[in-house]
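**Student:** What would the 3D arrangement of this be:
(one chain, ligands or ions: 1)
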Amino acid sequence: MTAETTTDRGVRVAGLTKVFGEGDSAVHALKGIDLEISSGEMIVVLGPSGSGKTTLCNIIGGIETSTDGKVEVAGVDISDVAPARLSDFRRDHVGFIFQFFNLIPTLTARENVEVIIEMTGRGDKTQVPKVLEAVGLGDRMDSFPSQLSGGQQQRVAVARALATDPDILFADEPTGALDLPTGQQILGLLQDLHRQGRTIIAVTHNASVAQIADRVITLVDGRIDSIQVNDSPADAADVTW
Ligand SMILES: Nc1ncnc2c1ncn2[C@@H]1O[C@H](COP(=O)(O)OP(=O)(O)OP(=O)(O)O)[C@@H](O)[C@H]1O
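**Tutor:** Take a look at the predicted model:
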């Protein structure tokens with residue numbers, strides 16, 4: 001792992017490229033991305049299917065490696081870190097929420113969060129009830145995923161991502177599998193976390209979600225097409241789609 005280079009908890013990306021495959025079958029997913037994200041910002045990444053949104057977030061989150069360019073996250077230069085060493089970076093710095101929750105069906109809500117703490121060695125198991133209470137699941141801790149609604153399952157997923165107290169929370173289509181009222185509640189939860197100072201990067205096809213962001217990054221064909229600054233982001237309860 002590369003040494004910590006700064007105390008900044010944000011993101012710095014410069015000249016980032018990603019090519020999948022080689023030769024005639026090469027896919028140029030990212031074609032030179034320059035981007036800085038400050039600690040505590042709420043960012044929404046928009047763009048058409050295939051524009052590179054997930055690839056960008058996966059590289060910043062240490063799930064994928066880049067082909068070229070510089071990526072510094074939470075003071076750690078991960079540009080040239082070998083894939084096998086990226087798990088250390090992920091454990092120490094990032095949390096992920098996915099569209100389909102990715103919960104373990106045979107474990108209760110509480111155990112789904114505890115298992116992450118056991119696996120990563122980060123976080124405090126005695127704090128799990130508090131984390132579940134914070135996402136509104138204080139009374140459903142012993143339920144299995146199949147006994148919970150979609151919104152409640154997504155809340156478990158948020159609690160799980162928070163359990164290790166990550167510098168950056170990534171959310172890939174966090175409302176994608178939810179109906180409107182439930183999706184609004186999850187957006188409200190993300191907004192609360194942001195207001196408490198958490199850095200959040202959300203990827204979505206849902207342009208309405210962008211209303212709660214501090215900045216909206218729009219990707220087109222592997223490049224940044226626009227960056228829109230929201231001077232007064234909307235309240236999640238007022239966002240509809
Ligand atoms: N593992 C991979 N191997 C080959 N090509 C890939 C791989 N992952 C992504 N790509 C390609 O890279 C490009 C960007 O994909 P990416 O998933 O980042 O786009 P996206 O904007 O997130 O799309 P969507 O909105 O559909 O999820 C696409 O052309 C995709 O097919």
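**Student:** Now R9: which helix or strand?
**Tutor:** Counting by DSSP states H and E, no helix or strand carries R9.
**Student:** That should have said I33, apologies.
**Tutor:** strand 27-37.
**Student:** in that strand, what's buried?
**Tutor:** Neighbour counts over strand 27-37 (16 or more other CB atoms under 10 Å) mark 29-30, 33, 35, 37 as buried. The C-beta positions use only the backbone N, C-alpha and C, and glycine is treated the same way.
**Student:** for stretch 226-235, same thing?
**Tutor:** Residues of stretch 226-235 classed as buried: 233-234 (neighbour count, 16+ other CB under 10 Å).
**Student:** quick one on the thing from earlier: in CSV: the buried residues of strand 27-37, plus distance to K53 and pLDDT.
**Tutor:** Formatted as CSV, those follow (distance: CB to CB, whole Å; pLDDT from 0 to 100):
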residue, distance to K53, pLDDT
A29, 10, 98
L30, 10, 98
I33, 11, 98
L35, 12, 97
I37, 14, 97
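**Student:** and the end-to-end length of stretch 97-107?
**Tutor:** Using CA to CA, to the nearest Å, the end-to-end distance of stretch 97-107 comes out at 18 Å.
**Student:** Now do that stretch: everything it contacts.
**Tutor:** 111-112, 115, 144-146, 150, 153-154, 156-158, 160-161, 169-174, 176-177 (CB atoms under 8 Å, 6 or more residues apart in numbering).
**Student:** What about the ligand: which of the buried residues of strand 27-37 touch it?
**Tutor:** Under the cut-off given by CB under 6 Å from any ligand atom, the ligand has A29 from the buried residues of strand 27-37 close to it.
**Student:** so what's the most centrally placed residue in the chain bridging to?
**Tutor:** With distances taken as CA atoms, centre = their mean, F170 lies nearest the centre of the chain, 0.4 Å away. As for beta bridges, F170 partners with F96, I201 under DSSP bridges.
**Student:** circling back: from the contacts of stretch 97-107, which land in strands?
**Tutor:** Among the contacts of stretch 97-107, DSSP state E puts 169-172 in strands.
**Student:** Could you list every helix and strand in contact with the longest helix seen in the chain?
**Tutor:** Ranked by number of residues, the top helix in the chain under DSSP state H is helix 180-195. Using 3 or more CB pairs under 8 Å, 6 or more residues apart in numbering; DSSP states H and E as the contact test, the elements touching helix 180-195 are strand 42-46, helix 150-162, strand 168-172, strand 199-203.
**Student:** May I see these organised as JSON lines, with distance to N102 added?
**Tutor:** Shown next, in JSON lines, are these (distance: least, CB to CB, whole Å):
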{"stretch": "strand 42-46", "distance to N102": "20"}
{"stretch": "helix 150-162", "distance to N102": "7"}
{"stretch": "strand 168-172", "distance to N102": "10"}
{"stretch": "strand 199-203", "distance to N102": "15"}
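**Student:** and R85, which of the ones you listed is closest to it?
**Tutor:** Nearest of the helices and strands packed on helix 180-195 to R85, taken as CB to CB: strand 168-172 at 18.1 Å.
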